[in-house]
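Enquirer: no FASTA, just this:
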């Protein structure tokens, strides 16, 4: 019974959890000269909502080292087309030169993101 209640509370929190806007029209993606992870999703997408607190935490953790950018493709359809997104969420990792080096569709766990960013940051 306790497990059922915890699962229900988790589900409710995912529905109600706000997703931040992320980048503005003035923020380039990928960020020139910086390792960048772009998460393309939507504020009302459940897996996107699950990733929101992870992205916010990583944005602070990697401030000045790597850029973490969220783009709502339902509000910015041109960005979805530009990055050729067919499934949300989609995460795209870019090296310092702006070259795409990895793409993932669906929820991506924090440790997988950290591992990818750390590997990319070690590359010169």
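Expert: In hand now; what should we look at? Because the structure is a prediction, the values reported are computed rather than measured.
Enquirer: Verify the contact between residue 70 and residue 41 for me.
Expert: Yes. Counting by C-beta atoms under 8 Å, residue 70 sits close enough to residue 41 to count as a contact (6.9 Å). (Glycine included, C-beta is placed from N, CA and C.)
Enquirer: In this structure residue 58 contacts residue 114, no?
Expert: Yes. Here residue 58 reaches residue 114: they are 7.2 Å apart, a contact under C-beta under 8 Å.
Enquirer: So those two - more neighbours on which side?
Expert: Neighbours per residue (other C-beta atoms under 10 Å) separate residue 58 from residue 114, with residue 58 holding more: 19 against 14.
Enquirer: For stretch 75-83, the averaged confidence score.
Expert: For stretch 75-83, mean pLDDT is 93.
Enquirer: Tell me, how many residues neighbour the closest residue in space to residue 86 that isn't next to it in sequence?
Expert: In this structure, residue 86 finds its nearest non-sequential neighbour in residue 105, 7.9 Å apart by C-beta to C-beta, 6 or more residues apart in numbering. When neighbours are defined as other C-beta under 10 Å, residue 105 has 15 of them.
Enquirer: Ok, residue 56 next?
Expert: 15.
Enquirer: and it, what element?
Expert: helix 46-61 (DSSP states H and E).
Enquirer: Tell me how far the residue nearest to residue 86 lies from residue 83.
Expert: Distance, residue 105 to residue 83, by C-beta to C-beta, to the nearest Å: 12 Å.
Enquirer: now do residue 58
Expert: 19 Å.
Enquirer: what are the ranges of the helices in the protein?
Expert: For the chain, the helices defined by DSSP state H cover 2-16, 46-61, 77-82, 110-122.
Enquirer: Residue 43 contacts residue 72, correct?
Expert: Yes. Residue 43 is within contact range of residue 72, at 5.6 Å (criterion: C-beta under 8 Å).
Enquirer: and these two? which has more neighbours close in?
Expert: Neighbours per residue, other C-beta under 10 Å: of residue 43 and residue 72, the larger number sits with residue 72, 23 against 17.
Enquirer: Beta-bridge partners for that one, please?
Expert: Beta bridges link residue 72 to residue 41, judged by DSSP bridges.
Enquirer: is it true that it touches residue 38?
Expert: No. With contact defined as C-beta under 8 Å, residue 72 does not count as touching residue 38 (11.8 Å).
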